[in-house]
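Trainee: quick one, fold the following:
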Amino acid sequence: MNSDFEFSIKSICFDEDYRPSDNTRITTNFANLARGTSRQENLRNTLRMIDNRFNALAHWDNPKGDRYTVELEIISVEMNFEAESQGDALPLIEILKTTVLDRKTHEHIAGIVGNNFSSYVRDYDFSVLLLGHNKGRAEFSAPEGFGDLHGKLFKSFVNSSAYREHFDKPPVICLSVSSSKTYHRTENKHPVLGVEYQQDEYSLTDEYFSKMGLKVRYFMPSNSVAPLAFYFSGDLLGDYTNLELISTISTMDTFQKIYRPEIYNANSAAGKSYQPSLQHQDYSLTRIVYDREERSRLAVEQGRFAEEHFIKPYQAVLEQWSAHHAL
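Mentor: As a prediction, this is how the structure comes out:
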């Protein structure tokens, strides 16, 4: 796919000294953890949880459970309209890249890029466009063409020379399952991803990600209490090594325990038929401070930012570009 846009990629380490830059999406979950009086303790505890989870899953040749450390980079993607806006790049997407340090061999092992997924246009679609479309409606629905532009922009990025120069494999995004759907346990069990779940009907998020060229499968890894949604292109089970998959599970299972403890830190595991609920009361809190209400409010603010600085000013250019790019 030829792109009329140019993408640039920046990265910053996500460690206990991480401080969000001024232009980072402040609704990005890891940025939320890095603010406030508990910021360094939050980060240190989060990273420790990720390492502990990784070592529990990568237990072979790891008798003390401390062989591996997961190193995280925040990947920020900016977009330029060719020649038109040099030096005026628009923030588009933020994702995470994992790298695994093997303390036994002192080797750095490439992990997976993707994991967490943050996007200004997605904020606009879900927090501005979708809410506005359903205001006053008796029955919830998505507007026509919902997610088309975002899907084309994402696919354009993944097919770009900038992506290929930085990353060897397609991204894998790992998110929470939808509280509006019911998931059914299957007999399929993967040695790392765990038990597979399926559902009868895709959620709005599943459909949104399909427009990004990503399929979805749901797996509940060992010692998890709810399935995770894995969005990928290609073959999730065949294209990635066990350590790559574990790097994603350990990172995103940890984040979900912090963000959605009602689902991912519940005191009982999902059964054969499972519907997640944020109203669930039987769960434990981590020691990590996270302001979910603030995040919801900021998502609306940043959706409006995207509308003001991206959607409206470039509407004609975007419509023309979108018309020439098939989903």
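Trainee: okay, helices next: where are they in this protein?
Mentor: For the chain, helices defined by DSSP state H occupy the ranges 29-33, 39-57, 120-124, 130-134, 148-158, 161-166, 204-210, 242-259, 261-264, 292-306, 315-323.
Trainee: so which of those helices is nearest E196?
Mentor: Closest to E196 of the helices of the chain, according to C-beta to C-beta: helix 242-259, at 13.3 Å. For every residue, glycine as well, the C-beta is placed using N, CA and C.
Trainee: now for the closest one, which elements pack on it?
Mentor: helix 29-33, helix 39-57, strand 68-81, strand 90-102, strand 107-119, strand 172-176, strand 228-232, helix 261-264 (3 or more C-beta pairs under 8 Å, 6 or more residues apart in numbering; DSSP states H and E).
Trainee: which strands and helices sit next to the longest one?
Mentor: Right, helix 39-57. helix 29-33, strand 68-81, helix 242-259.
Trainee: just the angle for the longest one relative to strand 68-81, thanks.
Mentor: To tie it back to what came earlier, the one meant is helix 242-259. If you take axes from the mean of the first three to the mean of the last three C-alpha atoms, to 10 degrees, helix 242-259 sits at 80 degrees to strand 68-81.
Trainee: check which residues of helix 242-259 are buried.
Mentor: Judged by neighbour count using 16 or more other C-beta atoms under 10 Å, the buried positions of helix 242-259 are 243-259.
Trainee: circling back to that earlier point, can you add mean pLDDT and give the helices and strands packed on helix 39-57 back as JSON lines?
Mentor: Formatted as JSON lines, the helices and strands packed on helix 39-57 follow (pLDDT from 0 to 100):
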{"stretch": "helix 29-33", "mean pLDDT": "60"}
{"stretch": "strand 68-81", "mean pLDDT": "92"}
{"stretch": "helix 242-259", "mean pLDDT": "95"}
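Trainee: who wins for proximity to E301 among those?
Mentor: Closest among the helices and strands packed on helix 39-57, once you apply C-beta to C-beta, is helix 29-33, at 13.4 Å.
Trainee: residues in contact with F5?
Mentor: M79, N80, F81, E82, L153, S156, W321 (C-beta atoms under 8 Å, 6 or more residues apart in numbering).
Trainee: pLDDT wise, what is it at?
Mentor: Looking at F5, its pLDDT stands at 82.
Trainee: okay, and the beta partners of it?
Mentor: F81 (DSSP bridges).
Trainee: just the terminal-to-terminal distance for stretch 133-150.
Mentor: In stretch 133-150, first residue to last residue: 17 Å (C-alpha to C-alpha, to the nearest Å).
Trainee: which positions within stretch 158-172 qualify as buried?
Mentor: By neighbour count on 16+ other C-beta under 10 Å, the buried set for stretch 158-172 is V158, S160, A162, Y163, F167, K169, P170, P171, V172.
Trainee: if you could redo that for stretch 175-188, that was the one I meant.
Mentor: In stretch 175-188, the ones that count as buried by 16+ other C-beta under 10 Å are L175, S176, V177, S178, K181, Y183, R185.
Trainee: kindly report the same for stretch 111-128.
Mentor: 111-128.
Trainee: swap in stretch 196-209?
Mentor: In stretch 196-209, counting by 16+ other C-beta under 10 Å, buried: E196, Y197, Q199, S203, L204, T205, D206, Y208, F209.
Trainee: list the contacts of the last one.
Mentor: When contacts are counted by C-beta under 8 Å, 6+ apart, F209 touches I173, V216, Y231.
Trainee: nearest to S224, of the contacts of F5?
Mentor: L153 (31.9 Å).
Trainee: wait, doesn't the closest one sit right on R122?
Mentor: No: contact criterion C-beta atoms under 8 Å: L153 and R122 do not qualify, at 10.0 Å.
Trainee: in this protein, which helix or strand is least confident?
Mentor: In the chain, the helix or strand scored least confidently by mean pLDDT, DSSP states H and E is helix 29-33, which has a mean of 60.
Trainee: leaving aside the residues next to it on the chain, what's closest to E78?
Mentor: Nearest-residue entry for E78: A89, 3.7 Å, with adjacent residues in sequence omitted and distances by C-beta to C-beta, 6 or more residues apart in numbering.
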